[in-house]
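**Q** Sequence plus the predicted model coming up.
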Amino acid sequence: MLIMITMKGGRTFELEAVLPYVRKDASASALAVWRGTCRQCGAPFEVATSTRLDVIVKSKALARVHCDEHKLRRRPKATPQPSEGVAAATDHLTQIIITVVPDPDHHR
Ligand SMILES: [Zn+2]
């Protein structure tokens, strides 16, 4: 089974793994690991989130668009670009499409 999240603008994150995770209070939980691609160079990168959809939707984890390299190179200029900065940060919340594709190799 393939699970994808399509963000507003058509960028997609593919669910790569769900990992067991133990919280600080020792209760069991899980982390979802999503794979996205860098907007600048196309390199894949991973983002870990909660497995709870309501948490994912509210978090900005999947608003990430750059690989580690290009994320680090982002210039720390104080003035955010009005067209992309704030608008894009909240814009992604308005449209998330979850696509669940049955595994074509699964015949049983
Ligand atoms: Zn990159």
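**A** Perfect, thanks for sending it.
**Q** what ranges of this protein fall below the confidence cut-off?
**A** For the chain, applying pLDDT under 70 flags the ranges 73-96, 106-108.
**Q** Spell out which parts of it neighbour the ion.
**A** Contact residues (CB under 5 Å from the ion) of the chain with the ion: 38, 40-41, 43, 67, 70. The way it works is simple: take the backbone N, C-alpha and C, and place the C-beta from them, glycine included.
**Q** Neighbour-wise, which one of those leads?
**A** Tallying neighbours with other CB atoms under 10 Å puts C67 at the head of the residues of the chain next to the ion, with 20 neighbours.
**Q** Okay, helices next: where are they in the protein?
**A** 53-58, 68-73, 85-91 (DSSP state H).
**Q** Please give the number of neighbouring residues around D54.
**A** D54, neighbours per other CB under 10 Å, totals 8.
**Q** Might you report the residue contacts of the residue nearest to the spatial centre of the chain?
**A** For the chain, L62 is the residue whose C-alpha lies nearest the centre (CA atoms, centre = their mean; 2.8 Å). By CB atoms under 8 Å, 6 or more residues apart in numbering, the residues touching L62 are 5, 7, 13, 34, 36, 47, 49, 56, 92, 96.
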